[in-house]
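Trainee: Everything below, folded, please.
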Amino acid sequence: MVQPMSPTLYYAPMSSASPVLWALAELELEYEGKRLDLTGVAHKQPEYLALNPMGQVPALVDNGQAMFESSACMIYLGEKYGVAKGVWPEVGSPAHMVALTWLNWAAVSVGGTLRQLFASGGDHAPPEMHCKPINDYAREQFGNLMLVLEGHLRDREYIAGAFSLTDAYVAASLGWSTGVVGFDLASAPNLKAWLGRCMTRPAAAVMNP
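Mentor: Coordinates of the predicted model:
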């Protein structure tokens, strides 16, 4: 009987691959990690573009099939491996609906706001793209999004009740972006406490090898 191959993750430190590294650690999965230097050209070569046509990280290969986009990788890992490990809700359950909702909230609503914020005023954006009104608006929207999560966490320790890979995904994003944007966590005590619970999990320490 042919044994299934271990997953392979192509990643770079301090990137959108970080939550996938966290997920693999939570799942205690054996995997092959392939670190890419994004200042080089390896991620733009045909061999890698066949795995991730965006030429970015992450790329996850499992049983010969490649996928990309960190949110998709998290959902796949959760649904294939996470239920048995207790870090993903049973598919089709109310908690599963909550986990999917907030994971995609982070990817779409928070992620889109951050892209707008950095494009309109970030250090890596060309000066001709800088626009203070748009940057101010994006910064305000980011704060509003944080208060939405603050309200959701008012009577919950974790986003879907118990810890799940959704918490890892959202915390991996907010752990750095709240500081970069300058959001005052003191104004959101539920969010701050939740972030502390997530970021002190042992698996979180593997995010940036």
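Trainee: what's around the residue nearest to Val181 when sequence neighbours are not counted, how many residues?
Mentor: Excluding the flanking residues, the one nearest Val181 by Cβ to Cβ, 6 or more residues apart in numbering is Phe142, at 5.3 Å. C-beta: built from backbone N, CA, C; applies to glycine. Per other Cβ atoms under 10 Å, the neighbour tally for Phe142 reads 22.
Trainee: and if you look at the one 5 residues further on?
Mentor: Under the neighbour criterion other Cβ under 10 Å, Leu147 is assigned a count of 13.
Trainee: and it, how far is that from Ile159?
Mentor: 15 Å (Cβ to Cβ, to the nearest Å).
Trainee: ditto for Val87
Mentor: 12 Å.
Trainee: Neighbour count for these two, which is higher?
Mentor: More crowded of Val87 and Ile159, by other Cβ under 10 Å: Ile159, with 26 against 22.
Trainee: Residue nearest the middle of this structure, spatially speaking?
Mentor: Nearest to the mean C-alpha position of the chain, counting by Cα atoms, centre = their mean, stands Tyr169 at 3.7 Å.
Trainee: That residue belongs to a strand?
Mentor: No. Tyr169 sits outside any strand when classified using DSSP: H, G, I helix; E, B strand; the rest coil, being helix.
Trainee: just checking, what packs against the top helix by length along the chain?
Mentor: Longest helix in the chain, counting residues (DSSP state H): helix 132-152. Counting by 3 or more Cβ pairs under 8 Å, 6 or more residues apart in numbering; DSSP states H and E, the packing neighbours recorded for helix 132-152 are helix 111-121, helix 165-181, helix 189-199.
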